[in-house]
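A.B. asks: sequence first, then the predicted structure, then my questions.
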Amino acid sequence: MDNLILYNGQLVPAGDAKISVFDPGFLYGESIFTTLAVRNRLPCFLSRHLDRLLETARQTELCEVPSRTALSDGVFRLLDSLGTPPALLRITLSPGPLMNFRLDSPTSGPSIWMVLPVYRTPLPPSLYRSGVVVGIGPVQSFGTTDPRFTHKTGNLFLSRWIRHHLPKDQFDALFRTPRGFFVEGTVSNLFWILKTGEILTPPETWGILPGVVRGVLLEVAHEIGIPVRWGSLTQRSVHQARGVFLTNSYIGLLPVRTLQTGRDAVAFDPLDPLLSRFSTELEHRLMQDLSHGNR
Ligand SMILES: Cc1ncc(COP(=O)(O)O)c(C=O)c1O
């Protein structure tokens, strides 16, 4: 593992990078970020990650953000400099210190940004055959107006809390709407494979995170002619699905074998043919993306 990060465009030893105690990123979780996978020392779906990150910066009114080229060059420079390539990279932008070190001031200068290597062991391939167990998380009043869910921000207390308290055998927990519809995991998007052969997934208007992998899979479904319906299932209607899977940049597409709903456990087929089809297509899109050197 290397001890090098990219900080405001400079390669520096990780221990030398500092953030102000008056930075709202630290004080209030007002930083924004994206986490992308690295394959063959190349960033996966970099262009899509930068699109979402810069759109989040715009919508959260972050000041003086680095250019897309600076971010992209920074990513490649860090990857070229690391002896051991990491499994993931996290690009973070934070507002920078509040003016005059006063908590009621606006920020004073350009946002600060960093690219950090994340050394994490890839999930064992057997997990993609067996599937994982997921549980039920808290009810969230999802809505497009809640930026904590529609953007990747540093305000991660709730999802980290849930993850720290997950039972050992559970991979993630699913948030629900007040009416009981499952929406997404703490770090993943949710897809159902209905018995009708359709895909069902919550729409962005429910206030979910517009995941990069989710976006790729929706394009795949459109291109190969698999019908997609917007919505989700509740604890009562899960029997309408024969399969269910989670997506994010680290796990890719991961089948769920069991949904643990209190004392009941609902089983799904982790080897559903549609799931294998999506996995193959996702891998194909990833290879295309990497070979285009997509910045
Ligand atoms: C709440 C949530 N939903 C979905 C995702 C998946 O996003 P992506 O596919 O861009 O990794 C994440 C990623 O961490 C997340 O935190």
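C.D. replies: That came through fine. Residues are numbered from 1 along each chain as shown.
A.B. asks: residue 148 reaches residue 155, doesn't it?
C.D. replies: Yes: counting by Cβ atoms under 8 Å, residue 155 is a contact partner of residue 148 at 5.1 Å. All C-beta atoms are positioned from the backbone trio N, CA, C, and that covers glycine.
A.B. asks: residue 43: neighbour count?
C.D. replies: For residue 43, the neighbour count with other Cβ atoms under 10 Å is 26.
A.B. asks: residue contacts, it?
C.D. replies: If a contact means Cβ atoms under 8 Å, 6 or more residues apart in numbering, then residue 43 has 36-37, 49, 75-76, 79, 89 as its contacts.
A.B. asks: so what sits opposite it in the bridge?
C.D. replies: residue 38 (DSSP bridges).
A.B. asks: show me which residues of the stretch 101-250 of the chain are close to the ligand?
C.D. replies: 184, 187-189, 209, 211-214, 247-249 (Cβ under 6 Å from any ligand atom).
A.B. asks: is residue 24 in contact with residue 95, as I believe?
C.D. replies: Yes: counting by Cβ under 8 Å, residue 24 touches residue 95, with 4.9 Å between them.
A.B. asks: and the residue of the chain most remote from its centre, how far from residue 22?
C.D. replies: The outermost residue of the chain relative to its centre, with distances by Cα atoms, centre = their mean, is residue 100 at 34.7 Å. Residue 100 sits at a distance of 9 Å from residue 22 (criterion: Cβ to Cβ, to the nearest Å).
A.B. asks: run me through the strand neighbours of the helix or strand residue 114 falls within, direction for each.
C.D. replies: Residue 114 is part of strand 112-118, with elements assigned from DSSP states H and E. In the sheet, strand 112-118 lines up against strand 4-7 (antiparallel), strand 88-94 (antiparallel) (DSSP bridges).
A.B. asks: then the longest one to PDB, C-alphas only?
C.D. replies: The C-alpha coordinates for strand 88-94 follow below in PDB (Å, rounded to 0.1, in the frame of the first residue of the first chain):
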ATOM      1  CA  LEU A  88     -11.100   2.300  -5.600                       C
ATOM      2  CA  LEU A  89     -10.500   6.000  -5.700                       C
ATOM      3  CA  ARG A  90     -12.400   8.600  -3.700                       C
ATOM      4  CA  ILE A  91     -12.500  12.100  -5.200                       C
ATOM      5  CA  THR A  92     -13.700  14.600  -2.500                       C
ATOM      6  CA  LEU A  93     -14.400  18.300  -2.800                       C
ATOM      7  CA  SER A  94     -14.800  20.400   0.400                       C
END
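A.B. asks: how far does that strand sit from its chain's centre?
C.D. replies: A distance of 12 Å separates the centroid of the chain from that of strand 88-94, by Cα atoms, centre = their mean, to the nearest Å.
A.B. asks: that strand and the ligand in contact?
C.D. replies: No: using Cβ under 6 Å from any ligand atom, strand 88-94 stays clear of the ligand, coming no nearer than 9.6 Å.
A.B. asks: contacts for that strand, please.
C.D. replies: In contact with strand 88-94 (Cβ under 8 Å, 6+ apart) are residues 19, 23-26, 30-38, 43, 49, 53, 57, 62, 65-66, 71, 74-75, 78-79, 111-118, 120, 154, 249-250.
A.B. asks: now, these that are in helices?
C.D. replies: Under the assignment DSSP state H, the contacts of strand 88-94 contribute 24-26, 49, 53, 57, 71, 74-75, 78-79 to helices.
A.B. asks: thinking again about what came up before, which of the residues of the stretch 101-250 of the chain next to the ligand are buried?
C.D. replies: Buried members of those, scored by 16 or more other Cβ atoms under 10 Å, are 184, 187-189, 209, 211-214, 247-249.
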